[in-house]
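>>> Have a look; sequence and predicted model below, questions after that.
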Amino acid sequence: METTTTLSDFGLEIVRQIRALDQFGNWAKIGDEELLVKKYVKTKEELKAVPLIADIDEMMINDIKMIYKAVALSFERKTGVVCNVIMEMSHEGFGRCAVIADRICIVNKYFKDAHRFSYRTLEALFEDGDKTLETAIAIYEQYKPCIKKE
């Protein structure tokens, strides 16, 4: 797994998630950055080719969920608190993804037109993932005193 840039905690985790799901070694010869670009980066021209109204396929739903699983696992590595990722998506691409740590919802993301979900650059993906992770940690720390231990 060689990369030309240093990946953040989120970046490393999303690469681990994708590689872990590669049962047949289809992506073994593809570099990490190229793999992430294929899955998550679309240019304006590529987005123009995607219809405005369309159904979302299971593979795209799993790719989106993988981003939030990477946030959850990065959160777990940093805090030691186990997380659950919950995602509900209609066939039209409307839905919600939530990450729950203890009894606190640390990420709550709503989607519409999820079949068009993408980032313009790899850096934008990393920025969004890192920002989501930082916000999740801040939310957890803010509400941690409210958790009643049983």
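Arrived safely. What you see is a predicted model; the values in this text were computed from it and never measured.
>>> Tell me the spacing between the one residue sitting closest to the centre of the chain and Ile106.
Computing the C-alpha centroid of the chain and ranking residues by Cα atoms, centre = their mean puts Ile67 first, at 1.0 Å. Computed with Cβ to Cβ, to the nearest Å, the distance linking Ile67 and Ile106 is 14 Å. (Each C-beta comes from the backbone N, C-alpha and C, glycine too.)
>>> got any ranges where this protein has weak pLDDT?
Along the chain, the model assigns pLDDT under 70 to residues 1-5, 150.
>>> Let me see the contact set for Val15.
Counting by Cβ atoms under 8 Å, 6 or more residues apart in numbering, Val15 makes contact with 1, 7, 32, 35-36.
>>> That one looks like it's in a helix, true?
Yes. For Val15, which was evaluated using DSSP: H, G, I helix; E, B strand; the rest coil, the result is membership in a helix.
>>> could you pull out the helices for the chain?
In order along the chain, the chain carries the following helices (DSSP state H): 9-20, 32-40, 44-49, 58-79, 122-143.
>>> who touches the fourth one?
What it means is helix 58-79. If you take Cβ under 8 Å, 6+ apart as the criterion, helix 58-79 is touched by 9-10, 13-14, 16-18, 21, 39-40, 81-85, 87, 89, 97, 99, 101, 106-107, 109, 111, 114-115, 117, 125, 129, 132-133, 136-137, 140.
>>> What are the buried residues along it?
Under the neighbour-count criterion of 16 or more other Cβ atoms under 10 Å, helix 58-79 has 60-61, 63-75, 79 buried.
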